[in-house]
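Enquirer: what follows is a predicted protein model with its sequence.
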Amino acid sequence: MFISYAQNHEDVMLWRALKGVNNGFYIDVGANDPIIDSVTKAFYDRGWIGINIEPLDMHISDLEVHREKDVNLKCVVGDTNGEVDIWKCNVRGWATICRDVIAQHEADGYEGEFHKVPMLTLSDIWNEHVYGEVHFLKIDVEGFESSVVKGMDFIRFRPWIVLIESVFPNTQTENSGGWENVLIKADYSLIYCDGLNRFYIAKEHSELCEKFRYPPNVFDDYMDFDRIVLEENLKVAEGNLKVAEGNLKVAEGNLKVAEGKVERLEASLDRIKNSVLAKMAVKLGLLKGIL
């Protein structure tokens with residue numbers, strides 16, 4: 001069974017199209033956590049490798065632990081090389097360098113802080129780290145997608161599938177207008193939308209288009225990672241409950257033993273009391289006889 005880690009089952013769709021590829025390669029721009037909501041985790045578990053691009057220290061550290069076979073780059077991707085300020089929000093996955101997005105989050109009451117990070121173009125990253133086919137490129141950079149796309153030469157560098165988050169962060173408002181034409185002009189076809197992302201396929205791999213005819217369904221034979229975690233937690237909770245029930249039975253048994261001891265002590269005290277009263281009565285009778 002395929003385990004889906006991605007938040008919107010993006011990995012299910014990609015696996016349906018690419019499961020025939022052995023030892024594939026991916027590029028994840030805005031990788032974030034190596035497990036939670038990851039589009040690439042399921043592929044890594046099946047022997048794929050790739051490039052994870054993530055500007056935040058906490059996620060890069062986790063990627064280096066869990067993705068030791070991958071190339072993990074601490075930077076942002078844009079249309080030029082240099083240095084930029086990234087806003088790290090107190091909500092995981094909301095870090096961004098897009099000023100409009102930052103302003104909206106702050107207006108909604110969220111807090112963050114700025115950090116300087118290097119910025120590279122995707123073309124330069126490709127030149128340095130890619131030595132063969134890239135089977136899919138995923139871009140999720142919280143409103144900065146247009147700059148990422150503009151910094152990539154899609155004529156020269158040809159990922160088979162490109163999926164890009166295509167809504168303004170935390171909304172259902174489409175934001176593909178600023179970058180979609182770049183892909184279309186480079187002979188990529190929009191083949192599927194899932195309400196969050198847009199999927200594009202290179203002209204030379206058009207045979208993959210039919211794999212995107214339907215959304216994730218029972219025939220994909222997948223299970224959500226969140227469900228697996230919940231079921232495992234439920235098993236642990238059930239185990240703890242059985243232990244607690246066992247402890248309760250032991251406690252109940254101990255209580256019965258204690259109650260038996262109390263009853264025997266009370267009976268013993270009654271015998272002692274009756275014996276003392278009897279002796280006192282005898283003595284009282286003797287005293288009355290003397291008087």
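Expert: The structure has been received and is ready for your questions.
Enquirer: quick one: the strands in this protein?
Expert: 2-4, 25-29, 49-53, 71-73, 76-78, 82-89, 112-121, 136-139, 161-165, 188-193, 197-202, 222-224 (DSSP state E).
Enquirer: ok, the closest residue in space to R158 that isn't next to it in sequence - how many residues close by?
Expert: Using CB to CB, 6 or more residues apart in numbering and skipping the chain neighbours, the partner closest in space to R158 is A202 (5.3 Å). Every residue, glycine included, has its C-beta placed from N, CA and C. For A202, the count of nearby residues is 18 (other CB atoms under 10 Å).
Enquirer: does A202 touch L183 like I think?
Expert: No - contact criterion CB atoms under 8 Å: A202 and L183 do not qualify, at 9.4 Å.
Enquirer: overlap of the contact sets of those two?
Expert: V162 (CB atoms under 8 Å, 6 or more residues apart in numbering).
Enquirer: could I get the pLDDT score of the residue nearest to R158?
Expert: pLDDT recorded at A202 is 98.
Enquirer: circling back: the strands of the chain: lowest mean pLDDT?
Expert: Averaging pLDDT over each of the strands of the chain puts strand 82-89 lowest, since it has a mean of 79.
Enquirer: endpoints of stretch 5-20, how far apart?
Expert: End-to-end distance of stretch 5-20 (CA to CA, to the nearest Å): 20 Å.
Enquirer: and it, how far from the chain's centre?
Expert: 16 Å (CA atoms, centre = their mean, to the nearest Å).
Enquirer: okay, and the helix or strand of the protein with the least pLDDT?
Expert: helix 99-107 (a mean of 70; mean pLDDT, DSSP states H and E).
Enquirer: now S206: closest residue in space that isn't a chain neighbour?
Expert: Counting by CB to CB, 6+ apart, the residue nearest S206 is S189, at 7.2 Å.
Enquirer: so who does the one you found touch?
Expert: Contacts of S189 by CB under 8 Å, 6+ apart are 200-201, 203, 206, 209.
Enquirer: and those, which are buried?
Expert: 200-201 (16 or more other CB atoms under 10 Å).
Enquirer: dump the contacts of S189 to a markdown table, plus distance to V148.
Expert: Below are these laid out as a markdown table (distance: CB to CB, whole Å):
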| residue | distance to V148 |
| --- | --- |
| Y200 | 14 |
| I201 | 19 |
| K203 | 21 |
| S206 | 24 |
| C209 | 24 |
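Enquirer: next, count neighbours for I290.
Expert: I290 has 6 nearby residues by other CB under 10 Å.
Enquirer: over to N247?
Expert: 10.
Enquirer: that one and E259, how far apart?
Expert: 18 Å (CB to CB, to the nearest Å).
Enquirer: shaky segments in the chain?
Expert: Applying pLDDT under 70 to the chain flags the ranges 89-94, 97-98, 102, 105-106, 291.
Enquirer: going along the chain, name the helices of it.
Expert: Ranges of helices within the chain are 10-18, 41-45, 57-66, 99-107, 122-129, 145-150, 180-185, 225-290, based on DSSP state H.
Enquirer: surely H115 touches E83?
Expert: No - H115 is not in contact with E83 according to CB under 8 Å; the separation is 10.7 Å.
Enquirer: looking at the two, which is more packed in?
Expert: In this view H115 and E83 are compared by other CB under 10 Å, and H115 has more residues nearby, 14 against 10.
Enquirer: give me every residue that touches the more buried one.
Expert: Here H115 is in contact with 55, 85-86, 88 (CB under 8 Å, 6+ apart).
Enquirer: who does it bridge with?
Expert: I86 (DSSP bridges).
Enquirer: with L163 instead?
Expert: K138, F199.
Enquirer: who's in contact with it?
Expert: Contacts of L163 (CB under 8 Å, 6+ apart): 10, 14, 39, 136-139, 197-200.
Enquirer: let's go with 10 Å and repeat that
Expert: L163 sits next to 6, 10, 13-14, 39, 136-140, 192, 194, 196-200 when contact means CB atoms under 10 Å, 6 or more residues apart in numbering.
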